[in-house]
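Turn this into a structure:
(one chain, ligands or ions: 1)
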Amino acid sequence: MIVKFCGLKRLDDVEMCNKLQPDMIGLIFAPSPRKVEKDLAKDIVLAKSPSIKSVGVFKDQNISEVIEIATYLQLDFVQLHGKEDYEYIKHLKDLGFRVIKAIEVERQEDIKRAKRYTEIADFVLLDRPKGSSIDITEVAKFADFAYIIAGGITPENVDKYLNLNPVGIDISSGIETDGFKDFAKMKKIIDKVNKYKVGETKNG
Ligand SMILES: O=C(O)c1ccccc1N[C@@H]1O[C@H](COP(=O)(O)O)[C@@H](O)[C@H]1O
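A predicted model of the protein is given here:
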């Protein structure tokens, strides 16, 4: 089970992550209150444990900007949240970048569209549209392929997402208090994932 904590914007955030050891951390370069400047992002990447993978999050940006930032930061993955098509992703893949393609899903038909990206992206991430409060687990349950799930995950509701048996979970706003990453919330998520993994092993 991959755990990604997204939207780090302070060196304190990466120190918390080094203690908790999620598998991935995300740095936002798309419009967002969590957007970081390149140089702060570089400091965060340099401060992270080598075991944690770095992910840059983009949305409909010029591909040259994605390439420039990913190269400068030596990112392990780029995560694309917009309308980036097959050709856009292929171009990044041909250059050696690993890609997480996020697809906003609201209804069962959207799952079909998301599945097509499994052919080209390293991971497909199912997210709900920004601002929506739908229960994405009610849509994701129709997916018959490996996916990372995001969209409204909190320490209180994470079990519901884990029960879908995704390859990973991605959390941004649900691990914050007053706009800042909250160590206690992040720890609760890690504890629940560890508990889930123990149950998984016991049940074969
Ligand atoms: O976190 C952001 O601010 C953000 C902005 C623009 C694109 C993606 C963003 N984050 C990703 O959105 C999902 C869900 O986040 P949340 O947990 O519901 O807040 C996740 O994939 C983040 O990586």
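
what secondary structure does the residue nearest the centre of the chain sit in?
The centre of the chain sits closest to residue 170, judged by Cα atoms, centre = their mean, with a distance of 4.2 Å. Here residue 170 is recorded as strand under DSSP: H, G, I helix; E, B strand; the rest coil.

from what I can see it touches residue 125, true?
Yes: look at residue 170 against residue 125 with Cβ atoms under 8 Å: they come within range, at 6.2 Å. C-beta coordinates here come from the backbone N, C-alpha and C atoms, glycine included.

Find residues that contact each of these two.
Jointly contacting residue 170 and residue 125 under the rule Cβ atoms under 8 Å, 6 or more residues apart in numbering are 148-150.

Ranking helices and strands of this protein by mean pLDDT, which lands last?
For the chain, counting by mean pLDDT, DSSP states H and E, helix 183-202 ranks last in confidence among helices and strands (a mean of 90).

coming back round to it: in TSV: the shared contacts of residue 170 and residue 125, plus pLDDT and distance to residue 51.
Shown next, in TSV, are the shared contacts of residue 170 and residue 125 (pLDDT from 0 to 100; distance: Cβ to Cβ, whole Å):
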residue	pLDDT	distance to residue 51
148	98	18
149	98	22
150	98	22
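
out of those residues, which touch the ligand?
Contacts with the ligand within these, counted by Cβ under 6 Å from any ligand atom: residue 150.

State the mean pLDDT of stretch 48-57.
For stretch 48-57, the mean pLDDT works out to 98.

got the end-to-end distance for that stretch?
Stretch 48-57 has an end-to-end distance of 17 Å (criterion: Cα to Cα, to the nearest Å).

Give me the buried positions along that stretch.
48, 52-57 (16 or more other Cβ atoms under 10 Å).

Looking at these, which is nearest the ligand?
Nearest to the ligand out of the buried residues of stretch 48-57 is residue 57 (Cβ to the nearest ligand atom; 5.0 Å).

Now name the helix or strand holding the closest one.
Assigned by DSSP states H and E, residue 57 belongs to strand 53-58.

same question, residue 161
helix 158-162.

for the record, mean pLDDT for that helix?
Rounded mean pLDDT across helix 158-162 is 97.

Packing partners of it?
Packing contacts for helix 158-162, counted by 3 or more Cβ pairs under 8 Å, 6 or more residues apart in numbering; DSSP states H and E, involve strand 168-171, helix 183-202.
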